[in-house]
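S.K.: kindly return the folded structure for what I paste below:
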Amino acid sequence: MQRSVCGKEDGMKIKESRGRKIFKVFNYTFLALLGAATFYPFWYVLIASFNTGRDFMRGGVWLFPREFTLENYQLAFEDPSIVNALVISVLSTVLSVAFGLVCTALAAYAMSIKTLPGRTFINFFWYFTTIFGGGMVPYYMVLRDLHLTSSFWLYVIPSLYSFYNFVLLRTNFAAIPTELRESAQLDGASELTIMSRIYIPLSKPILATLALFIGVGKWNDWFTGAYYQSKTALYPAATLLQKILSEASATNQIKLGQETQIGAVTSYTSQSLQMAFVMILTMPIVIIYPFLQKYYVKGVMVGSVKG
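M.R.: Got it, this is the predicted structure:
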């Protein structure tokens, strides 16, 4: 009797009410408009970067480039200051991610061991220091005394440790069964071997997530270079872009390209170069993010312990 009833229920199609259909149409329409409003600024900058600057100044370029060109990107990569800033951003991001993950993993592994001597005091010390902040001036004085305000390592050394990343990784390590560590110790494995061959492989999703956090934060960090870096030659790309946009906003002028000897004017403007630089700075994150996004939903401990 129950089987026949279930069969009838499975075969029946639930008819949606008129109000529910109206709600679904309204909901999908609203989400589509919201998505378009969110995506269009990015699209507008993209088409502006591929359009000639002088034509773009006339207006009317909304969906596609009217006069397609690659001159803006060519000129951007020919500018020594932009190329230098991009190199600094790439190096500082890669080194910050690599060294930051190593230092965070070492600290998180040590603090995940419950038998570590002084573990309670160290935990209290780390948590207590997060309550207070010294501010920009004391922080700058520390960086100055370490001779980092005129060094490339200003972008790397302060990124070696993050309390937030440490807590996430330590919580993940603490969730790994201690039987795995004890079994490895019985086989004569050292602590470094246990961490590198057991804990790290089981923590790839959270490590990928932390790498994304560190990388995106460092790539988009214009504040450090603008306020703590004394050498303009060591500005990263984000700081250089912020400086260019600030100067353009302050003068409220769009400088045309240099005139040639015969009086002709080049097709690019400072605004079109800014658009190209914005896209150059944005695209690496847009390209890398989809490859790391899958790690957000992966389980860390699936199948690690049987029995």
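
S.K.: put the alpha carbons of stretch 132-139 into PDB.
M.R.: What follows is stretch 132-139, C-alpha atoms only, in PDB (Å, rounded to 0.1, in the frame of the first residue of the first chain):
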ATOM      1  CA  PHE A 132      45.600  46.200  20.800                       C
ATOM      2  CA  GLY A 133      47.000  48.100  17.800                       C
ATOM      3  CA  GLY A 134      49.900  50.500  17.800                       C
ATOM      4  CA  GLY A 135      48.700  52.500  14.800                       C
ATOM      5  CA  MET A 136      50.500  53.700  11.700                       C
ATOM      6  CA  VAL A 137      53.200  55.900  13.300                       C
ATOM      7  CA  PRO A 138      54.600  53.200  15.700                       C
ATOM      8  CA  TYR A 139      54.400  50.600  12.800                       C
END
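
S.K.: tell me which residue is most central in this protein.
M.R.: Central residue of the chain (CA atoms, centre = their mean): residue 216, 1.7 Å from the mean position.

S.K.: list the buried residues in the helix or strand that contains that one.
M.R.: If you go by DSSP states H and E, residue 216 is part of helix 204-219. Using 16 or more other CB atoms under 10 Å as the test for burial, helix 204-219 gives 205-216, 218-219. In short, each C-beta sits where N, CA and C put it, glycine included.

S.K.: re the thing from before, tell me if I'm right that the residue nearest to the centre of the chain and residue 285 touch.
M.R.: Yes. Look at residue 216 against residue 285 with CB atoms under 8 Å: they come within range, at 5.9 Å.

S.K.: re the thing from before, same for the helix holding residue 216, what does it pack against?
M.R.: If contacts are counted by 3 or more CB pairs under 8 Å, 6 or more residues apart in numbering; DSSP states H and E, helix 204-219 sits against helix 80-112, helix 163-174, helix 270-293.

S.K.: again, 6 Å this time
M.R.: Here helix 204-219 is seen to pack against helix 80-112, helix 270-293 when contacts are counted using 3 or more CB pairs under 6 Å, 6 or more residues apart in numbering; DSSP states H and E.

S.K.: tell me which of those lies nearest to residue 198.
M.R.: helix 80-112 (10.1 Å; CB to CB).

S.K.: report the angle between the axes of that closest one and helix 270-293?
M.R.: Interaxial angle, helix 80-112 versus helix 270-293 (axes from the mean of the first three to the mean of the last three CA atoms, to 10 degrees): 30 degrees.

S.K.: what's the first helix or strand after helix 80-112?
M.R.: helix 119-129.
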